[in-house]
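> Here is a sequence with its predicted model. Questions after.
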Number of protein chains: 2
Amino acid sequence: VDAVNRQFRLAARPQGMVGAEHFDLVQEPLPEPAEGQVLVKTLYISLDPAMRGWMSEGRSYVPPVGIGEVMRAGTVGRVIESRSERLEVGDHVSSWLGVQEYAVADADGLLKVDTRLASLPTYLGALGMPGMTAYFGLLDIGKPEPGQTVVVSAGAGAVGSVVGQIAKLKGCRVVGIAGGSEKCSWIADELGFDAAIDYKTEDVAQELRKHCPEGIDVYFDNVGGEILDAALARLARHARVVICGAVSQYNNIDSMRGPSNYMSLLVNRARMEGFVVIDYMGRYAEALPEMAGWIAEGKLHAREDVVEGFEQFPDALVRLFKGENVGKLVLRLTDDN
Amino acid sequence: VDAVNRQFRLAARPQGMVGAEHFDLVQEPLPEPAEGQVLVKTLYISLDPAMRGWMSEGRSYVPPVGIGEVMRAGTVGRVIESRSERLEVGDHVSSWLGVQEYAVADADGLLKVDTRLASLPTYLGALGMPGMTAYFGLLDIGKPEPGQTVVVSAGAGAVGSVVGQIAKLKGCRVVGIAGGSEKCSWIADELGFDAAIDYKTEDVAQELRKHCPEGIDVYFDNVGGEILDAALARLARHARVVICGAVSQYNNIDSMRGPSNYMSLLVNRARMEGFVVIDYMGRYAEALPEMAGWIAEGKLHAREDVVEGFEQFPDALVRLFKGENVGKLVLRLTDDN
């Protein structure tokens, strides 16, 4: 066990693009678990678009991270010291222990994970918050019917790649929008999307007309901006637009760009609805067995993009917002003890 | 009976604000009814924000009016010649006979109206398309619950004034947004809205914070633009935003302004939904007796803003888009025969 616990703490609130200058790398003595608590060594840290929002002030669905506080993050780790009957040394747990190498936590607040069912980073991806976001956002808000057309932006991302695969499993025609040929061939050739649109080299509006001849029934939006407008322009009658995120706008130093084609909602009697996955926490137990089953049967491909090394955290976060990851982006900490 | 039929025909498609230059006033011989048809003398012509959309090209929920065609409009009139068993000379009918003094129509396509229940212009307002828009938009899309807060923009308009009154009848707290002190005192003092916000002299965002301390549960939007953004910023959890129109944007020569606060839908797990009243035509028979009953009992005030004279049509339409009318704007044709 190391003598110290390294942590990334929020140093400053970004105005535009996030960068290394917004974090301080600090060292603390290893914390000691009290009765009922465990000491967890972090093995993987989740990098999520939502982090950009947590770094800013202002009303949102969770409070912002305070200046000087350890950056919030989902994690999986191993229990290395236990003062609880609930968990043993060696157990793997997922939780929100933040961007740090070790953490003490109440055993009751930790979810024990089974590494025989899926690999550890998958518990931050398809079986974690992104997977639950895809599952409930698509099925509960998007309500796709077999035969309908589902379009998903950031289609090669942690959420989008799962949205598209679940939509295929439910009998839909699926079009993914992603940036670059590697991502597009992954979702079309390996994940089985019916079509992929490369927004970096193709005209999204024109490709949507081509690939969605009868319009879009469900549009699952992770990006906002021009792509949201292009999708709105192509809605089918009674379409559902699921607002999951707006990653194209999070680092926008000017004000947010609103969807200028929103009146398509009126013309097409369509609906645009936002949701926050934490509202579904009480129903994760419905989704997890189904998702784990699909993974085990090879029907749902979970892919993680793994960056090595705790100190790479700020650079990895920049990579996320530049859209350079394919699949779920996670940071892997060295596990040498 | 006059020897001629005057008509306003669409002369050009407006780019920005609509004006007299977009119409031609022409004269035609009086048309003759064929078997099964009637000749109707127009008594009132409805002026509606939707007219701006009908004058433009592009995909919408109804086809645009063609250049050279009689401008589309809702009308009420009197049968002056009948070749149908269904209607007699002297019967009053409502329909879509356009901006002209006379029209021939199939008797089957005309709705006979009862002038004992309500005055003729009310059949273009509270008992016409605006009233049906208010009724189904509020109750079917907005789904207000007793005790909830309903906010309506263009609150002194043909639709908004009815939305607010129905919401009060359903036990809601109602805040109307309107332009000018006359409109605001009408909706607050005479229609019983709980508060009125004058967007011309008050800070709408600040007043919404004051009058909606627990947020907005239903926002019924007729205007778009900055007011929509101010309302989005103040949504309550699980709010419903009803998109009925965007009158602030219809004459916008630049591109449409999208709601930059749309991510409030995510933060508040809220929904924004558009609708088109013609979809509810099959259910007007549900709404009309209830609405007519409320009017008869004095619980729903129908107010029309009447402009006199057929030739005033273009100026009256400009008045509508300048927001100068209070209540339903109609054109009254002289009835000297």
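Looks like it arrived, so ask away. Numbers count the residues shown, from 1 in each chain, chains lettered A, B, ... in the order given.
> number of nearby residues for residue A:78?
18 (other CB atoms under 10 Å in any protein chain shown). To be clear about C-beta, it is placed using only N, CA and C from the backbone, and glycine gets the same treatment.
> Now do the same contact list for it.
Contacts for residue A:78 (CB atoms under 8 Å, 6 or more residues apart in numbering or on different chains) come out as A:40-41, A:43, A:90-93, A:335.
> One more: residue A:110?
A:38, A:40, A:87, A:93-95.
> One more: residue A:137?
By CB under 8 Å, 6+ apart, the residues touching residue A:137 are A:159, A:163, A:220, A:242, A:244, A:275, A:277.
> Apart from its chain neighbours, what residue comes closest to the residue lying farthest from the centre of chain A?
In chain A, the residue that sits farthest from the middle, by CA atoms, centre = their mean, is residue A:35; the gap is 33.5 Å. Closest residue to residue A:35 apart from its sequence neighbours, by CB to CB, 6 or more residues apart in numbering or on different chains: residue A:83 at 5.3 Å.
> Please look at the one you found and residue A:33 and confirm they touch.
Yes: in this structure residue A:83 lies within contact range of residue A:33 using CB atoms under 8 Å: 4.8 Å.
> which of these two has more neighbours?
Between residue A:83 and residue A:33, counted using other CB under 10 Å, the more crowded position is residue A:33 (20 against 15).
> what's near enough to touch the more buried one?
Here residue A:33 is in contact with A:39, A:81-83, A:104 (CB under 8 Å, 6+ apart).
> Among those, which one lies nearest to chain B?
For these, the residue nearest chain B by CB to the nearest CB is residue A:104; the value is 31.3 Å.
> Report pLDDT for the residue nearest the centre of chain A.
The residue lying closest to the centre of chain A (CA atoms, centre = their mean) is residue A:130, at 3.9 Å. For residue A:130, the model assigns a pLDDT of 94.
> Tell me the spacing between residue A:93 and residue A:120.
Using CB to CB, to the nearest Å, residue A:93 is found at 10 Å from residue A:120.
> ok, now residue A:126?
Distance from residue A:126 to residue A:120, by CB to CB: 12 Å.
> And those two? Which one has more around it.
residue A:126 (30 against 19).
> quick one: contacts for residue A:20?
A:314-315, A:318.
> now residue A:211
Taking CB under 8 Å, 6+ apart, we find residue A:211 in contact with A:175, A:194-195, A:197.
> Just these: which are in helices?
Among those, no residue falls in helices (DSSP state H).
> Flag every residue of the stretch 151-300 of chain A that's near chain B.
A:224, A:229, A:243-246, A:249, A:255-276, A:279 (CB under 8 Å from any CB of the partner chain).
> Buried ones among these?
For these, a burial check counting by 16 or more other CB atoms under 10 Å in any protein chain shown picks out A:224, A:229, A:243-246, A:249, A:256-276.
> Quick one: classify residue A:272 as helix, strand or coil.
Reduced to three states with DSSP: H, G, I helix; E, B strand; the rest coil, the structure at residue A:272 is strand.
> Which single residue in the stretch 101-250 of chain A comes nearest to chain B?
Taking CB to the nearest CB, the stretch 101-250 of chain A has residue A:243 as its residue nearest chain B, at 5.0 Å.
> and the closest residue to that residue other than its chain neighbours, what is it in contact with?
Excluding the flanking residues, the one nearest residue A:243 by CB to CB, 6+ apart is residue A:274, at 4.1 Å. Going by CB under 8 Å, 6+ apart, residue A:274 touches A:243-244, B:263-271.
> Okay, residue A:274 and residue A:163: tell me how far apart.
15 Å.
> Helix, strand, or coil at the residue nearest to residue A:224 when sequence neighbours are not counted?
Spatial nearest neighbour of residue A:224, chain neighbours left out: residue A:246 (3.1 Å); criterion: CB to CB, 6+ apart. Following three-state DSSP, we place residue A:246 in the coil state.
> helix, strand or coil for residue A:312?
When classified by three-state DSSP, residue A:312 comes out as helix.
> Show the pLDDT at it.
So residue A:312 comes in at 97 (pLDDT).
> Same question for residue A:59.
pLDDT, residue A:59: 65.
> Residue A:22 - how many residues pack around it?
Around residue A:22 there are 19 residues (other CB under 10 Å).
> Name the surrounding residues that touch the longest helix anywhere in chain A.
In chain A, taking DSSP H as the definition, the longest helix is helix A:284-296. With contact meaning CB under 8 Å, 6+ apart, helix A:284-296 is reached by A:117-118, A:122, A:126-127, A:131-132, A:135-136, A:165, A:169, A:280, A:300-302.
> and residue A:168, what element?
In this assignment (DSSP states H and E), residue A:168 forms part of helix A:160-169.
> Against which helices or strands is that helix packed?
When contacts are defined as 3 or more CB pairs under 8 Å, 6 or more residues apart in numbering or on different chains; DSSP states H and E, helix A:160-169 packs onto helix A:129-136, strand A:149-153, strand A:173-178, strand A:216-221.
> Can I get the second one in PDB, CA atoms only?
Listed in PDB are the C-alpha atoms of strand A:149-153, where the atom choice follows Å, rounded to 0.1, in the frame of the first residue of the first chain:
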ATOM      1  CA  THR A 149     -36.300   4.500 -37.200                       C
ATOM      2  CA  VAL A 150     -34.000   5.500 -34.300                       C
ATOM      3  CA  VAL A 151     -31.200   8.000 -34.800                       C
ATOM      4  CA  VAL A 152     -28.500   8.500 -32.100                       C
ATOM      5  CA  SER A 153     -25.800  11.100 -32.000                       C
END
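> partners of that strand, with directions?
strand A:173-178 (parallel), strand A:216-221 (parallel) (DSSP bridges).
> now those strands as JSON lines including distance to residue B:73, mean neighbour count and mean pLDDT?
Output for the strands paired with strand A:149-153, formatted as JSON lines (distance: least, CB to CB, whole Å; neighbours: other CB atoms under 10 Å in any protein chain shown; pLDDT from 0 to 100):
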{"stretch": "strand A:173-178", "distance to residue B:73": "41", "mean neighbour count": "28", "mean pLDDT": "98"}
{"stretch": "strand A:216-221", "distance to residue B:73": "34", "mean neighbour count": "28", "mean pLDDT": "98"}
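> For these, give me CSV that also has distance to residue B:28.
Formatted as CSV, those follow (distance: least, CB to CB, whole Å):
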stretch, distance to residue B:28
strand A:173-178, 51
strand A:216-221, 45
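> Residue B:155 is nearest to which of the ones you listed?
Residue B:155 lies closest to strand A:216-221 among the strands paired with strand A:149-153, at 31.2 Å (CB to CB).
> picking that back up, and the pLDDT at the residue nearest to residue A:35?
97.
> circling back: among the contacts of residue A:274, which are in strands?
The strands, defined by DSSP state E, take in A:243, B:271 from the contacts of residue A:274.
> Looking at the contacts of residue A:274, spot the one nearest residue A:54.
The nearest member of these to residue A:54, counting by CB to CB, is residue B:267 at 12.8 Å.
> I'd assumed residue A:276 was in contact with that closest one.
Yes: at 7.5 Å, residue B:267 counts as touching residue A:276 under the criterion of CB under 8 Å.
> list the residues that contact both of those two?
residue A:61.
> Would you verify that residue A:189 is located in a strand?
No: using three-state DSSP, the assignment for residue A:189 is helix, not a strand.
> can you pull the contacts of it?
Applying CB under 8 Å, 6+ apart to residue A:189 gives no contacts.
> and it, what pLDDT?
Residue A:189 is assigned a predicted lDDT (pLDDT) of 97.
> Please enumerate the helices of chain A.
Assigned by DSSP H, the helices in chain A fall at A:50-54, A:129-136, A:160-169, A:181-185, A:204-211, A:225-232, A:264-267, A:284-296, A:313-321.
> What's the mean pLDDT across the longest one?
Yep, that's helix A:284-296 we're talking about. For helix A:284-296, the mean pLDDT works out to 93.
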